[in-house]
Structure formats: structure tokens, C-alpha cells
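1. prediction below, plus the sequence it came from.
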Amino acid sequence: MRPFAPQDFVVRRRRAAAQARAAGLAGILVAPGPDLAYFTGYVPTAILERLTMLVLPADADPVVVVPLLERGDLEASLGSGLEVVAWKDGDDEYATVARMLQPDGRYAVSDGLWALHVLGLQRALPGAGFAAFTDVLPMLRAVKDAEELSRLSAAGMAADAAFIDVLSTRFSGRRERDVADDLAQLLRSHGHQHVDFTLVCAGENGANPHHDAGDRVIEVGDMVVLDFGGLMHGYGSDTSRTVHVGEDVTAEEREVHDVVRAAQQAGFEAVRPGATCQDVDRAARAVITDAGYGERFIHRTGHGIGTTTHEPPYIVEGEERPIEAGMCFSVEPGIYLPGRFGVRIEDIVVAFPPGHPQRALRLNDSPRELLVVA
């Protein structure tokens, strides 16, 4: 996988500045983490209390503000093309940033910017306004380019391979956390550099969508929800499948799984440029509601994915933003029967432009039927 070139980051910063202007913002302030990596390629060794920030004005050249002791690492990572301003311990770092901002401007800030730094900027610029990316620029990273999509596709295929491999391991008689450890190792063996989560939810724990794998021993007769993902080449994977331990699947278990599978297919088929995010949620939810399980689908249908495993767009009722070609997000309906079992099926999906032979493509293609494990 080729590394992103400096020009890739230039294009992203220019696009972000244009979006800021269109939103009536004076610029954006980018904190360390996924946003800073996306716009510069720089990942600090550690995210500590000292202020590091990309200042990206809507109508001026960008500047990276960094502690003096980290300037060398930053410049080695960035190469040329971005102005760097360093501050040293004892300086007022907020005054340093404030000199680059409009006293009465309104700025979008990374969702993950520490409250310490937001409050410091408010003291330095009491006339300025600050709002979270998700509130004012939610689509800042939502549309992926070809290189990003190739990374997401590779991550999805690696997650699929991990699922296929875990099917051959033993489930019954082992703890949830043991299978979760297997999944984590398999994700790494198939190329993931970082594992974000490996949820293994057996029996009644499957009715809790975010149950963390624990000491519950998996038994023959259990439905088991598997939800796992991480980062590969800086981009995320996230997939869910539900399996049954042993051949004795009840009619109800099979029915619920069939309903979720049909709902997931309906959600996928609703993905197209011009449709809204809530259209996808409605399509999946209608299948589950019509089958009589509407109150047991207790979360949104999906979320965006990119340099983080959860990011805009969110596939939920009330989100009327249209889907654009290059948007990448999950479609993951579920049914959860408290005290008994749950079922969830999740794929990452990318929307294609109008006129493309396919309206959308799944980036996960492991089996969706109810599989039996030992």
C-alpha cells in the first residue's frame, strides 16, 4: 500500500478550507488524532497536555503550532510545504494561536480537542466562537478518495479472512474472552496493525449490542454475536456476524436471523447517491418492524468509517443529509431479545456515483447465512 504523498494532504486541506468558507466559518482547528493524521500525516508519539494544532484558515495558508521540543519530529514527518510555529514551555501557547485567528471569527474544532485547550482559546479570544466538527462540518472526512477506498477494502477483506479462520476454532466450553483473543490475533495475522474491538456475545449476552467479551463460558445451543474490527494501513474495518454453537438451531433462532439478514439486504439495496442516510435506516428498520420485532432493534442502522471506526455519516432517522459517491459506512441492523439472544449482521458499504453499474458495493463478503460452529 503506497504511503499518502504530500500533495494528498494539500488537496484535503484545500477541500476543508473550501467547506469552511461555504459554512461561513473563519477556519478549522485540528487536534492530534485521526483529524491531524488525515490532514498532515503527522501522528505525535503521545498526545499529552502540551498544545499541538493545525490552524487551517478559510482564506490563508495553514500553520502547524507545536511544542518546541517536538518540532524536530514534526518537521521530519511533514517534510516541506507547511509552516511550523513552535512555542516553548513558559510561553502562552493560546496567545500564539490567537495571533493567527480572527478576533471575532467562528472556528470548527476537532471533536477530540481537549476542553483544556478550548477553554484556553476562549480566554485568549473572547470574541471568537468555537464549534465541534460533527456539528458544523460533519462531512469533512466522509467522502473517500480512491486511495482511501483501497485501504478500506483491504481492511474489510482482512476482517472477512479473520472471520473465516475463527469458524474453525472451538467455541463450546471456552470463555467469550478466549474467542475474542483468537479474533484479535487473527486480525493481526491478516494485516491489521491495531485491533479496536473484538466483541463476542454468547447467548443472553448477545442481547446487549456492546457487551464486552467476558468469562461467560460458551455452550452448545448458544447464538453468538461476533463484532470486530481495527485499523489497517490507517483505515478501519468493522464487521458483525452471528453464529450458532451446535447443529440444533431452533425455529425462532433461524427466523430472527433470517429477518435480520433480510433487513441488512434491504438497507444495502437502499444505498445510492441522492438517497438520504435516514432512507437506509428506514429500509432496514421496516423489515424488522414488519416481522414484529421493531422494538427490539435498539440502535441506528450504521455509522461512517475511515481513519476511525465510528465517524459521520450516521445512518439514523432524522439524518436527511444525502449520500454522496465515496461515502463509506456500515449497514448493521440487529434484533435483541433480552435474557435470551441477539442477532446482528454488519457490512461496510461504499456508495458509487450515478451511472455506475453498481449503486453500492459491500466491502465485506463473508457468509451472511447462519453458520454452525463447534
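-> Cool, the structure landed.
2. count the residues that sit near the nearest residue to Val136 once chain neighbours are set aside.
-> Leaving aside its chain neighbours, Val136 sits nearest to Ala108 (4.9 Å; criterion: CB to CB, 6 or more residues apart in numbering). The way it works is simple: take the backbone N, C-alpha and C, and place the C-beta from them, glycine included. Per other CB atoms under 10 Å, the neighbour tally for Ala108 reads 28.
3. could you do Arg177 as well?
-> Arg177 has 15 neighbouring residues, counting by other CB under 10 Å.
4. enumerate every residue touching it.
-> Neighbouring residues of Arg177 by CB atoms under 8 Å, 6 or more residues apart in numbering: 200, 213-215.
5. how about the residue nearest to Val136, secondary structure?
-> On the three-state scheme (DSSP: H, G, I helix; E, B strand; the rest coil), Ala108 is labelled strand.
6. kindly report the same for Gly72.
-> Gly72 ends up helix, using three-state DSSP.
7. so it versus Val66, what's the distance?
-> Gly72 is 10 Å from Val66, where distance means CB to CB, to the nearest Å.
8. comparing those two, which residue is more hemmed in?
-> Val66 (26 against 11).
9. any idea how far Glu75 lies from Val65?
-> Going from Glu75 to Val65 by CB to CB gives 13 Å.
10. wait, doesn't the residue nearest to Val136 sit right on Gly129?
-> No. Checked against CB atoms under 8 Å, the pair Ala108 and Gly129 is beyond contact range at 9.9 Å.
11. need the contact partners of the helix or strand that contains Leu149.
-> Leu149 is located in helix 146-166, with elements delineated by DSSP states H and E. Contacts with helix 146-166, where a contact means CB under 8 Å, 6+ apart, come from 1-2, 4, 8, 144, 179, 182-183, 186-187, 189-192, 226, 228-239, 241, 305-306, 326, 328, 348, 350, 363-366.
12. I figured Cys328 hits Gly306, correct?
-> Yes. Because the distance of 6.6 Å satisfies CB under 8 Å, Cys328 is recorded as touching Gly306.
13. off-centre distance for the helix or strand containing Ala184?
-> Element membership for Ala184, per DSSP H and E: helix 176-189. The chain centroid and the centroid of helix 176-189 are separated by 20 Å under CA atoms, centre = their mean, to the nearest Å.
14. can you name every helix or strand that the helix or strand just after that helix contacts?
-> Next helix or strand after helix 176-189 toward the C-terminus (DSSP H and E): strand 194-202. In terms of contacts (3 or more CB pairs under 8 Å, 6 or more residues apart in numbering; DSSP states H and E), strand 194-202 is packed against helix 176-189, strand 223-232.
15. kindly recompute the last result at 10 Å.
-> On a contact count with 3 or more CB pairs under 10 Å, 6 or more residues apart in numbering; DSSP states H and E, strand 194-202 meets helix 146-166, helix 176-189, strand 223-232, strand 239-245, strand 341-344.
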